[in-house]
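K.L.:
next one to model:
(4 chains)
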Protein chains: 2
Amino acid sequence: MATIHEVAQKAGVSAATVSRVINNRNTVSDKTRIRVEQAIHDLEYEPSVLGRNLRNSESRLLLVLIPSISNPFYSEIINGIEDTAIAQGYNILLCETDSNPDREAIYFNMIRNRLADGIISMDPTVNKEKLIELANTYPIVQCSEYEKDGSISFVTIDNELAAYQAVRHLIKLGQKKIALINSDEKFLYARERRQGYEKALREFGLPIKHEWIYITDQLGFQSGQQAMRVLLNLDDRPTAVFAVSDILAIGALKEININDLRVPQDIALVGFDKISFSNMTHPTLTTVAQPMYKMGCLSATMLINKIRGKRVDNIVMDHELIIREST
Amino acid sequence: MATIHEVAQKAGVSAATVSRVINNRNTVSDKTRIRVEQAIHDLEYEPSVLGRNLRNSESRLLLVLIPSISNPFYSEIINGIEDTAIAQGYNILLCETDSNPDREAIYFNMIRNRLADGIISMDPTVNKEKLIELANTYPIVQCSEYEKDGSISFVTIDNELAAYQAVRHLIKLGQKKIALINSDEKFLYARERRQGYEKALREFGLPIKHEWIYITDQLGFQSGQQAMRVLLNLDDRPTAVFAVSDILAIGALKEININDLRVPQDIALVGFDKISFSNMTHPTLTTVAQPMYKMGCLSATMLINKIRGKRVDNIVMDHELIIREST
DNA sequence: TTTCATCATGTAAACGATTACAATAATCCT
DNA sequence: AGGATTATTGTAATCGTTTACATGATGAAA
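P.N.:
Residues are numbered from 1 along each chain as shown, chains lettered A, B, ... in the order given. Predicted structure coming up:
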């Protein structure tokens, strides 16, 4: 690969002039500009990002922290982030943390090393103290999950309201015995969605029954299936279930199917996220849609603004209840 | 962030000595080593990857090209790549190409720029000429999809054999009317799996019926559903289906369910990939498992060996037919 | 013609590390 | 003690850019 000096030599100018041509500095005469461009073309020269970044101390790389790429919830968000970032000349580095603090530490170091210019974190299990500390010094935004104390900028939806509306939808359909399959409540979204669930029940004078709330420790299908197994074995069996993620809902659906119960006649089911699979189940799943692509775009824009030193405001986006066959 | 010079000053030595301490060069006395380490600790110094890489002209970053992160097939492979890479001191950059040549070009340039040390490509729709050309100069390996001419190192499975065994399994169950839902045959795996399908039919004296082979142009659920719709409308309807991916199979299953047909009694179904969803459908899906995690590990090892200048051999891995409820 | 702007280009110093080589200090051997 | 090794450290060049500053050329105004 040619360097800037070889180009300079070939064009009969100094490296500085070549650099000016590359960066569209206006102080280059048309004559030399053309000569330089010709040389760049002939040598197939590409500026070394390493050299440039060292000098400018920026890398134009954004870190995106997610717990697991296999969770389809993140796919659309990432598309949004990627499209926006590329349009602004940034590349993104997808970092799967597996909720593993060691991995996280590696990625945190990348920003200290100047190998990345900023972080978008979607990892709810992230080491909060470290992240907040890092956010004092470096540009960081959170997407979906966020810190209540406002120490880190974020893009999210109103989880409580969304859950409230989903449960209200079930109540309006005449459901009285509504269970909740929740994630670990160390996640803010889990706590908020539970609030919404309870709020809806209270508002319509329905009891909040302890045993109708199942909290999973994992996020996979199996957890949803396991949860449903427990709920179906209750003496006073619920007739509707609100699961805080489609993945959990699909696991639950599996267990319902195994027991030869019908959805929605015997058990109505609502999920959350509108992942593409939720439309492939039989029956299709009622769910809450988040504007994932848009959230991705906005997080990226927000982060890039932060990097450029602008002030940014937190964003709470709208959601939408998608009513399908399972209710 | 402190630089190496500040550390040197604080420890009362030269930057060279600090560098030697960091890189475990043995030519440093214990006395100074301890002083330097103390200074590094006090200043919370982290070496700048940018500076180091510029000097060494390496970035310790690996590019992983995938068409779409939302395809769960890639998740496990990526886990394998990531674990191996991190263990060897490399980070990976997940690049979603969306099969878009412009995006691809961006990522190809990163390796020219020295921003990445190598590429693992899993993108079958990749611009082949460019990739081959790049592979002449830079370390590149292909995982899963590969070039028949052997111009690029690869890790893969024996797609033809796997398809052959899947179809033979159906035949052994007494199936005589077996359809194929295939991907676009620009993909090598699609061509190979079709070969396996036809080979099994021929071997057992079954006819290869033109209208029982449906070729999709997309890879999503919808395509599988659409394919099944067509197959079900045939006068001479097949009683078994081999789909070349679980995603297509799940789409097909959806359509079968809609038509109130039973699996496997009315239609038997085999998928490919053993994605986690394939165990959540009702009934669960018979499928072909690829050792995805292992394939990821081996690709990463292979690439790192290439980067280090070693010769590497192509690898064909074993697969396994997973028999479940759908057959 | 002289004097100033203005414009185009070159020079050289960064950026933050690594490392060949040189220089010094410590140790050993006779 | 004197000379030869060896261990430790420093000096300075280098990687490939960008950019403040200096320089020289050109043209306009007086």
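
K.L.:
where along chain A do the helices fall?
P.N.:
Assigned by DSSP state H, the helices in chain A fall at A:4-11, A:15-22, A:30-43, A:49-56, A:73-87, A:101-112, A:128-137, A:159-172, A:188-203, A:221-232, A:246-258, A:292-307.

K.L.:
by how many degrees do the fifth one and helix A:246-258 diverge?
P.N.:
Pointing back at helix A:73-87 there. 150 degrees (axes from the mean of the first three to the mean of the last three Cα atoms, to 10 degrees).

K.L.:
can helix A:73-87 be found next to chain B?
P.N.:
Yes - interface with chain B: helix A:73-87 contributes A:74-76, A:78-79, A:82, A:86 (Cβ under 8 Å from any Cβ of the partner chain). The way it works is simple: take the backbone N, C-alpha and C, and place the C-beta from them, glycine included.

K.L.:
how about the helices of chain A in CSV, adding mean pLDDT and mean neighbour count?
P.N.:
CSV is the format used below for those (pLDDT from 0 to 100; neighbours: other Cβ atoms under 10 Å in any protein chain shown):
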stretch, mean pLDDT, mean neighbour count
helix A:4-11, 93, 18
helix A:15-22, 94, 18
helix A:30-43, 93, 15
helix A:49-56, 88, 18
helix A:73-87, 90, 22
helix A:101-112, 82, 17
helix A:128-137, 90, 14
helix A:159-172, 97, 21
helix A:188-203, 96, 20
helix A:221-232, 96, 22
helix A:246-258, 95, 25
helix A:292-307, 95, 22
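
K.L.:
adding distance to DNA strand D, write those helices out as TSV.
P.N.:
Below are those laid out as TSV (distance: least, Cβ to the nearest atom of the strand, whole Å):
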stretch	distance to DNA strand D
helix A:4-11	3
helix A:15-22	3
helix A:30-43	10
helix A:49-56	3
helix A:73-87	19
helix A:101-112	19
helix A:128-137	22
helix A:159-172	43
helix A:188-203	40
helix A:221-232	49
helix A:246-258	45
helix A:292-307	15
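
K.L.:
looking at the residues of helix A:73-87 next to chain B, spot the one nearest chain B.
P.N.:
residue A:75 (3.7 Å; Cβ to the nearest Cβ).

K.L.:
sorry, back to before: go through the helices of chain A and name the closest to residue A:323.
P.N.:
Residue A:323 sits nearest to helix A:159-172 of all these, at 7.0 Å, using Cβ to Cβ.

K.L.:
which residues of the stretch 51-200 of chain A lie near DNA strand C?
P.N.:
Selection of the stretch 51-200 of chain A residues close to DNA strand C by Cβ under 7 Å from any atom of the strand yields A:51, A:54-55, A:57.

K.L.:
distance to residue B:134 added to those residues, as CSV?
P.N.:
Formatted as CSV, those follow (distance: Cβ to Cβ, whole Å):
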residue, distance to residue B:134
A:51, 21
A:54, 25
A:55, 27
A:57, 29
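
K.L.:
reformat those as CSV; add distance to chain B.
P.N.:
Output for these, formatted as CSV (distance: Cβ to the nearest Cβ, whole Å):
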residue, distance to chain B
A:51, 6
A:54, 5
A:55, 9
A:57, 7
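
K.L.:
from residue B:282, how far off is the closest residue to residue A:232 other than its chain neighbours?
P.N.:
Distances taken as Cβ to Cβ, 6 or more residues apart in numbering or on different chains put residue A:259 closest to residue A:232, at 6.0 Å, once the chain neighbours are dropped. Applying Cβ to Cβ, to the nearest Å, the value for residue A:259 to residue B:282 is 11 Å.

K.L.:
who has more neighbours, those two?
P.N.:
residue B:282 (17 against 13; other Cβ atoms under 10 Å in any protein chain shown).

K.L.:
which one of the residues of the stretch 51-200 of chain A next to DNA strand C is nearest residue B:101?
P.N.:
residue A:51 (27.2 Å).

K.L.:
the closest one - nearest residue in space that isn't next to it in sequence?
P.N.:
residue B:54 (6.0 Å).

K.L.:
that neighbour: what's it in contact with?
P.N.:
A:48, A:50-51, A:54 (Cβ atoms under 8 Å, 6 or more residues apart in numbering or on different chains).

K.L.:
what of residue A:33?
P.N.:
Here residue A:33 is in contact with residue A:21 (Cβ under 8 Å, 6+ apart).

K.L.:
number of residues surrounding residue A:324?
P.N.:
18.

K.L.:
same question, residue A:24
P.N.:
So residue A:24, with other Cβ under 10 Å, has 8 neighbours.

K.L.:
ok, now how distant is it from DNA strand D?
P.N.:
Distance, residue A:24 to DNA strand D, using Cβ to the nearest atom of the strand, to the nearest Å: 10 Å.

K.L.:
what's across from residue A:317 in the sheet?
P.N.:
Judged by DSSP bridges, the bridge partners of residue A:317 are residue A:157.

K.L.:
residues contacting it?
P.N.:
Counting by Cβ under 8 Å, 6+ apart, residue A:317 has contacts A:155-157, A:290-291, A:294-295, A:298.

K.L.:
do the same with residue A:39
P.N.:
A:7, A:10-11, A:18, A:45.

K.L.:
ok, of the contacts of residue A:317, which one's closest to residue B:315?
P.N.:
For the contacts of residue A:317, the nearest to residue B:315 is residue A:295 (40.0 Å; Cβ to Cβ).

K.L.:
wouldn't the closest one be in contact with residue A:77 here?
P.N.:
Yes - judged on Cβ atoms under 8 Å, residue A:295 makes contact with residue A:77 at a distance of 5.6 Å.

K.L.:
common neighbours of the two, please.
P.N.:
Common neighbours of residue A:295 and residue A:77 (Cβ under 8 Å, 6+ apart) are A:143-144.

K.L.:
just checking, residue A:152 touches residue A:145?
P.N.:
No - taking contacts as Cβ under 8 Å, residue A:152 lies outside contact range of residue A:145: 10.1 Å.

K.L.:
would you mind measuring from residue A:194 to residue A:321?
P.N.:
For residue A:194 relative to residue A:321 (Cβ to Cβ), the value is 18 Å.
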